[in-house]
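Colleague: sequence and predicted model, in that order:
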Amino acid sequence: MLRAAPFIKRSGESKLRHYYSLEFAKQALTEIKSGTSTPEILEYILTSGVVLDAASRGVFEIVDLCLKYFPELMWDTNFAKKLIIKVVEGRHIKLFRLVIKNYPIRYLADDNYMNFDLMEAVTKWSSRCESPDVSGAAFLMQRELQWFQAVEDRGFLSSERLTYMEKKKSYWEKFVEQREELLKDARQWMKETSSSCSLVATIIITVAFAATFTVPGGNDGNKGIPIFLNKGSFMVFVVANALALFSSITAALMFLAILTSRYAIEDFLFSLPRKMILGLTFLFLSLVFMLVAFGSALMIVLSERLKWIYIPITLLAAIPIILFAILQLPLYGEMVESTFLPRLYRLLKFCK
């Protein structure tokens, strides 16, 4: 507790500084707008690069405040273009939503130079493109592909799409070329993760299959019927064991499909992430069902002697599930959201 206290204190102080900094910025903008003529302030903001620098660094609050107090900024087409390019280069989804809300990008569709600048921005790779909310190199590659597809699908090539088809191909080639190292890391991440998970799935298959023929309590010597067949806990064991076996087999097949994939860069957009998510889902389910089967087997064996045994068994079986929920569920949720409900596509659909 003594070690955790300084961290909590620093976190609270950081949030407090952020809050008061934001309040100070609001107060300053209010005073500036009321005490100085608007054209002079707009000229200063446009020439100083304050908003563009904040957008490049992903400081949403500053950009939001400036656009709220001075919406006239987005009337300047050159400023709007530069702002959009900075946001795309930094891969700031929240800022992208803000910008296209104030200045719908479809108004820039007829500007071919703007189209090319945006394609240059989305194909450019730098350390700023890496995001802390992405689970592994494979999903970082997926995020990059989503940005490229979003920029392309929004019609940034305008009516000259066919004329500049060769140019668009060069952008794709440049996109792939600049992400060769990321593609290698994504392939390695997928292979290593699939190999580890398939090993776990194989172990569960072996255990669940063996448990089918070695039921708790044994079988009747004459008829071969399980002795505890009429017990409710025995039926729980049978059902849970069967579900664990089927889930682990499905998970192993999904990971096998990943290991035998061609690992083309396009596969990291939908195909491979979906297989990985499905494989992890069935693997997690098989672990849960295995714990349920194990707990019910213990209750069958010990319930005659220890009537209260189901309480500690239930608590102990819940520990791994709770640990998984705390440690892995946020990352798993990010994988699911990135693949099936990507924020980038949702905001673009909303702003059409």
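Modeller: Happy to help now that I have it. Numbering: from 1, shown residues only.
Colleague: now do the same for the residue lying closest to E61 once chain neighbours are set aside: its pLDDT.
Modeller: Leaving aside its sequence neighbours, E61 sits nearest to L22 (C-beta to C-beta, 6 or more residues apart in numbering; 5.5 Å). In short, each C-beta sits where N, CA and C put it, glycine included. Note on L22: pLDDT of 73.
Colleague: swap in L283?
Modeller: 93.
Colleague: doesn't it fall inside a helix?
Modeller: Yes. Counting by DSSP: H, G, I helix; E, B strand; the rest coil, L283 falls inside a helix.
Colleague: that one and D133, how far apart?
Modeller: Per C-beta to C-beta, to the nearest Å, L283 is found 23 Å from D133.
Colleague: please apply the same query to R143.
Modeller: From R143 to D133 the distance is 9 Å (C-beta to C-beta).
Colleague: who has more neighbours out of those two?
Modeller: R143 (22 against 13; other C-beta atoms under 10 Å).
Colleague: so how many other residues sit close to L83?
Modeller: Neighbours of L83 using other C-beta under 10 Å come to 25.
Colleague: that older thread, the residue nearest to E61 contacts F60, correct?
Modeller: No. The pair L22 / F60 is not scored as a contact, 10.6 Å apart, by C-beta atoms under 8 Å.
Colleague: the helix or strand containing M119: what's the following helix or strand?
Modeller: Here M119, judged by DSSP states H and E, is contained in helix 112-123. Where DSSP H and E defines the elements, the next helix or strand beyond helix 112-123 is helix 137-153.
Colleague: average pLDDT for the helix holding M119?
Modeller: 74.
Colleague: G279 and A251 touch, don't they?
Modeller: Yes. Using C-beta under 8 Å, G279 is in contact with A251, at 5.0 Å.
Colleague: overlap in contacts of these two?
Modeller: 197, 201 (C-beta atoms under 8 Å, 6 or more residues apart in numbering).
Colleague: compare these two (neighbour count), which wins?
Modeller: The residue with more neighbours, out of G279 and A251, is A251; 27 against 24, by other C-beta under 10 Å.
Colleague: in this structure that one contacts I277, no?
Modeller: No. Counting by C-beta under 8 Å, A251 does not reach I277; the two are 11.2 Å apart.
Colleague: for L331, give its distance to S135.
Modeller: Counting by C-beta to C-beta, the gap from L331 to S135 is 5 Å.
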